[in-house]
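Trainee: With the input below, show me the fold.
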Amino acid sequence: MNRSVLFVCLGNICRSPTAHGVFEQLLRDAGQSNSIKVDSCGTGDWHLDHAPDRRAQLTAKQHGFNLSHLRSRLICQDDFRDFDYILAMDNNNLRDILALCPDQYKNKCQLFLNFAKELGFQEVPDPYYGGDDGFEDILTMIKVASQNLLQEILVNI
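Mentor: I've put the predicted structure just below:
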């Protein structure tokens, strides 16, 4: 049984594409690229069809993750039907997702860091207006949550 994961942030240029790229690499490393679909999107339309933020790409690349092929897009109604996990980076994104989501799919929507409770954070902070350290910080959070998410999915396949 195939599974699918959608990562969601505000503009789809920092956090969710980082999670997308990290998770894709983890899937390749685990030999699961063909059994788990992954994508990312945003709740806001400021950066449609843009590549990820250069700082996000640089930080990811320094850690062995490639984001260069990704382009931002907006969440759409089909996503609620098509994805098993719809993972928001923060509470504002989760609230926006749930406002759009048909009732029968709301159980698919949750905070991404629910998969990294050991970190002690609920939200992946938006690094867009901060310095380069913020991109390092979110990458660390995203790697932990992605590894835990992949383990949960693999146990349930």
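Trainee: helices and strands around the lengthiest helix in the chain, which ones?
Mentor: The helix spanning the most residues in the chain, taking DSSP state H as the definition, is helix 132-156. Here helix 132-156 touches strand 3-9, helix 15-29, helix 54-62, strand 85-88, going by 3 or more CB pairs under 8 Å, 6 or more residues apart in numbering; DSSP states H and E. To be clear about C-beta, it is placed using only N, CA and C from the backbone, and glycine gets the same treatment.
Trainee: Just the buried positions in that helix, please.
Mentor: Buried residues in helix 132-156, defined by neighbour count with 16 or more other CB atoms under 10 Å: 134-135, 137-139, 141-150, 153.
Trainee: Now do the SS call for the residue lying closest to Asp90 once chain neighbours are set aside.
Mentor: Of all residues not flanking Asp90 in the chain, Glu123 sits nearest, at 4.0 Å (CB to CB, 6 or more residues apart in numbering). State at Glu123, reduced to three classes by DSSP: H, G, I helix; E, B strand; the rest coil: coil.
Trainee: Around Glu123, count how many other residues there are.
Mentor: Using other CB atoms under 10 Å, Glu123 has 17 neighbouring residues.
Trainee: Low-confidence bits of the chain, can you list those?
Mentor: For the chain, the stretches flagged by pLDDT under 70 are 1.
Trainee: go again using 90 as the cut-off
Mentor: 1-2, 45-48, 130-132, 156-157 (pLDDT under 90).
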